[in-house]
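Could you work out the structure for the sequence below:
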Amino acid sequence: MKMPWKMLPYLPMARRLLAAGRLPALLLAVTRKKGSRRLVGELGEQLTLLRQLCVAWWKGEYRAVSAQAMVSVVAALLYFLSPLDAIPDWIPGLGFVDDLAVLSWVVRNWSAELAAFRAWRDAGPASRRASLDVLPDSKAKREA
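Next up is the predicted model:
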C-alpha cells in the first residue's frame, strides 16, 4: 500500500525532530490534542499505541523497532498535530478523516513491528504499561 501523499513532507521533519531530541515535546502536544478532542475508537487506540511506542523508545526500554518505522510513526504524529493537513481539523465530522487514514496506514504498514511492541508491552508487568502512559521529561536525556 502506498504512503499517503500528504505525509511525505512530514518524514524529513520527523527525522530532524528525532535527531534533535524533541520527541517529548511532540508527545506532550499529541496528548494535549487528543485530550482536547476526546478521541475514542480506532483513532484514539492508534494514537495511544504509537505514543506508548515512542515513550518506550525514548526511555530506552524498547529498541526493537526499525529506524524507518520510528520515523514513520513520528511523521504520522506530526501529521496528526498539523491543523492544516489534507482536510483541516476544524471541519466538523470530517477534520480527522485524513488523520485517521495516515495513522491507519502507519499501523498497517508497520503492523509486524507494532505487534511485536504490543506483545512486549502486554507481556511485562502492569507497572510497565502504566509507565508508558507517563510522558518523558523533555529536559531528560534520552538513553542511548
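
which non-adjacent residue is nearest the residue nearest the centre of the chain?
With distances taken as Cα atoms, centre = their mean, Leu50 lies nearest the centre of the chain, 3.7 Å away. Leaving aside its chain neighbours, Leu50 sits nearest to Val73 (5.1 Å; criterion: Cβ to Cβ, 6 or more residues apart in numbering). All C-beta spots, glycine's among them, are computed from the backbone N, C-alpha and C.

name the element the one you found belongs to?
helix 67-81 (DSSP states H and E).

Restricting to C-alpha, output the helix or strand just after that helix in CSV.
Note on helix 67-81: by DSSP H and E, the next helix or strand toward the C-terminus is helix 97-109. Coordinates of the C-alpha atoms in helix 97-109 are reproduced here as CSV (Å, rounded to 0.1, in the frame of the first residue of the first chain):
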residue,chain,number,x,y,z
VAL,A,97,-10.7,11.6,8.5
ASP,A,98,-7.3,12.2,6.9
ASP,A,99,-5.5,11.9,10.3
LEU,A,100,-7.2,8.5,10.7
ALA,A,101,-6.1,7.5,7.2
VAL,A,102,-2.4,8.4,7.9
LEU,A,103,-2.4,6.7,11.3
SER,A,104,-4.1,3.6,9.9
TRP,A,105,-1.5,3.5,7.1
VAL,A,106,1.3,3.5,9.6
VAL,A,107,-0.3,0.9,11.7
ARG,A,108,-0.9,-1.4,8.7
ASN,A,109,2.5,-0.7,7.1
